[in-house]
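K.L.:
this one's structure only:
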C-alpha cells in the first residue's frame, strides 16, 4: 500500500525498531507466565516484567512498586476513577474534571453520575485553559478526586499540573491526571500526584498495554480493583500479565528518556514551520494556546470549506484527524473545540497535526503543498 505522510502521532505511534527487537523473544523463547513461580520460564518472564516496571517508573520519577500494568490507558482511567468511587461506599461523593477531557475520562464520570456521584465539569477559556481560581472554588467538603489531563490530546495545551497538585494537596483531595499525551513527550514527574494514566502506544511502544501510577505512603485511599481473579499486580489488577507488551513498554520508556529532549526540540522546529505557513493562508486559525503546549502538536481550523470534505481530501496524501482517534469518524465538531467556544463550522473544519520520529523537513514541505492545493480546490468549488 502507498501510505500517505503520517501526521497523526497523537492517535498512535509505530513501534520503535528497538522495541520490536526487545519484544520478539517473549513471543517464543521466553514465553513463560510471569505468575509461574516454580520454574525458570516464569522466573525469566517475571524478571522481564520487573525490569520494564523500573523503566516505566524512571520515565515519570516514580518508585517501581507504584506502577500497575493494565491493558491500556482506558483501563487505567477506569481503575483510577471507579476505584476511588468504590473506596468510599455509602458516602456522599463529589468529583471535579474538565469539559475538554478525553472521552475515556468523561464517559467514566458519566457512569459515576448514574451511580449517584456529583461531578463538576470545569469550563475552559478560548485558549483551552482552565482557571485555577474556578478549580479551588469547585472543591467541596465531600470532593474525593480532581481529574485533569496533563496535556490535551487535540490541541496539545498543557495544564498547570504542579499548581493543580499543590492546590489538591492543600485541600487534601486526591489528584488524578491522564498523562497519556505528555509522558515521553515532555518531562513528567509524580510530585503531588496520586494517580496517573500512561499508555505504551503513544510513545513508540506496542498497543494493548498501559499503566496506572498509584502513589504509595499516603493517607488518602488507593483505588479498589475493578478486575478480580488471581490478585495480580498487588491485587489491583488481576489477569495474566501481557509480558511481551510490558517488555515493549519498558523498552519504549527507556528510549524516550534518552531521546525526548532532543526530539522535542527537533519537532518544535518542524511544527512551528508547518504552523507558520498554514496560518499565512487566508482564513485559517490556530486553536488553543501557543505558549503552554506539546512540542509536536498544532490544531488549525480552515474557514470557507466543509469539514468532512476537507478531511477526506487531505487524507488522500496526508494522514491527519480532526480530533481524538476515538471520535474521528464523527461528523460533529470536537467537544474540545466546542468547549473553547469555537464556531461549529470551524470546529468541523479543523485538523490536528501531530508530528513524530519519522517526520522530516521534506514531509512538512509536501504537506504544505498538498493542503494548499486542497484548500484552493475546495474554496474555488464553493464560489
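P.N.:
Noted; the coordinates are in hand. Predicted model, so just to flag it, every value in this text is computed and none were measured.

K.L.:
From now on I want contacts and neighbour counts done on CA atoms only, so please keep to that.
P.N.:
Will do.

K.L.:
Could you pull up phi and psi at residue 197?
P.N.:
Per-residue torsions, residue 197: phi -100, psi 140 (degrees, to the nearest 10).

K.L.:
and it, what does it touch?
P.N.:
Shown in contact with residue 197 (C-alpha atoms under 8 Å, 6 or more residues apart in numbering): 73, 76, 77, 177, 178, 179, 180, 210, 211, 212, 213.

K.L.:
what do you get if the cut-off is 7 Å, keeping everything else the same?
P.N.:
73, 76, 77, 177, 178, 179, 180, 211, 212, 213 (C-alpha atoms under 7 Å, 6 or more residues apart in numbering).

K.L.:
hang on, isn't the first one packed against residue 200?
P.N.:
What it means is residue 73. No - between residue 73 and residue 200 no contact is recorded; they are 8.5 Å apart, counting by C-alpha atoms under 7 Å.

K.L.:
any residues in contact with both of those two?
P.N.:
Contacts common to residue 73 and residue 200, judged by C-alpha under 7 Å, 6+ apart, are residue 210.

K.L.:
So the two - more neighbours on which side?
P.N.:
Neighbour count, other C-alpha atoms under 10 Å: between residue 73 and residue 200, residue 200 has more, with 31 against 26.

K.L.:
Look up how far residue 221 lies from that one.
P.N.:
According to C-alpha to C-alpha, to the nearest Å, residue 200 stands 26 Å off from residue 221.

K.L.:
Then residue 309?
P.N.:
On the measure of C-alpha to C-alpha, residue 309 and residue 221 end up 49 Å apart.

K.L.:
With residue 141 instead?
P.N.:
From residue 141 over to residue 221 (counting by C-alpha to C-alpha), the distance is 16 Å.

K.L.:
Give me the next element, helix or strand, following the longest helix belonging to the chain.
P.N.:
Longest helix in the chain, counting residues (DSSP state H): helix 243-279. Going down the chain from helix 243-279, the next helix or strand is strand 284-286, by DSSP states H and E.

K.L.:
Show me the contact partners of that next one.
P.N.:
Contacts of strand 284-286 (C-alpha under 7 Å, 6+ apart): 279, 299, 300, 301, 302, 303.

K.L.:
So what are the sheet partners of whichever strand or helix holds the second one and their directions?
P.N.:
Element membership for residue 299, per DSSP H and E: strand 297-302. Taking DSSP bridges as the criterion, strand 297-302 sits next to strand 284-286 (antiparallel), strand 350-354 (antiparallel) in its sheet.

K.L.:
for that strand, which positions count as buried?
P.N.:
For strand 297-302, burial by neighbour count (16 or more other C-alpha atoms under 10 Å) applies to 297, 298, 299, 300, 301, 302.

K.L.:
Please parse the chain into its domains.
P.N.:
If you go by automatic domain parsing, the domain ranges for the chain are 5-11+260-371, 17-254.

K.L.:
now the last one: how far from the chain's centre is it?
P.N.:
In other words, domain 17-254. 10 Å (C-alpha atoms, centre = their mean, to the nearest Å).

K.L.:
And stretch 240-256, by the same measure?
P.N.:
Distance, centroid of stretch 240-256 to centroid of chain: 17 Å (C-alpha atoms, centre = their mean).

K.L.:
Show me which positions of it end up buried.
P.N.:
So, applying 16+ other C-alpha under 10 Å, buried residues of stretch 240-256: 241-256.

K.L.:
sorry, back to before: most packed of the strands paired with strand 297-302?
P.N.:
strand 350-354 (a mean of 26; mean count of other C-alpha atoms under 10 Å).

K.L.:
ok, and what's touching stretch 373-383?
P.N.:
The contact list for stretch 373-383 (C-alpha under 7 Å, 6+ apart) reads 304, 305, 313, 314.

K.L.:
can we see that at 8 Å?
P.N.:
304, 305, 310, 313, 314.

K.L.:
What is the nearest of those to residue 231?
P.N.:
residue 314 (48.1 Å; C-alpha to C-alpha).

K.L.:
Low-confidence bits of this protein, can you list those?
P.N.:
By pLDDT under 70, the weakly predicted segments of the chain are 323-331, 382-383.

K.L.:
in it, which spans are strands?
P.N.:
5-6, 67-70, 94-98, 118-122, 143-147, 174-178, 195-199, 210-214, 284-286, 297-302, 318-319, 350-354 (DSSP state E).

K.L.:
Just name the most buried of the ones you listed.
P.N.:
Buried most deeply of these, by mean count of other C-alpha under 10 Å, is strand 195-199, with a mean of 29.

K.L.:
Adjacent strands (with direction) for that strand?
P.N.:
Strand 195-199 has these strand partners (DSSP bridges): strand 174-178 (parallel), strand 210-214 (antiparallel).

K.L.:
I'd like the ones you listed as a markdown table, with distance to residue 56 appended.
P.N.:
What follows is the strands paired with strand 195-199, written out as a markdown table (distance: least, C-alpha to C-alpha, whole Å):
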| stretch | distance to residue 56 |
| --- | --- |
| strand 174-178 | 15 |
| strand 210-214 | 9 |
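
K.L.:
Residue 231: which of the ones you listed is closest?
P.N.:
strand 210-214 (16.0 Å).
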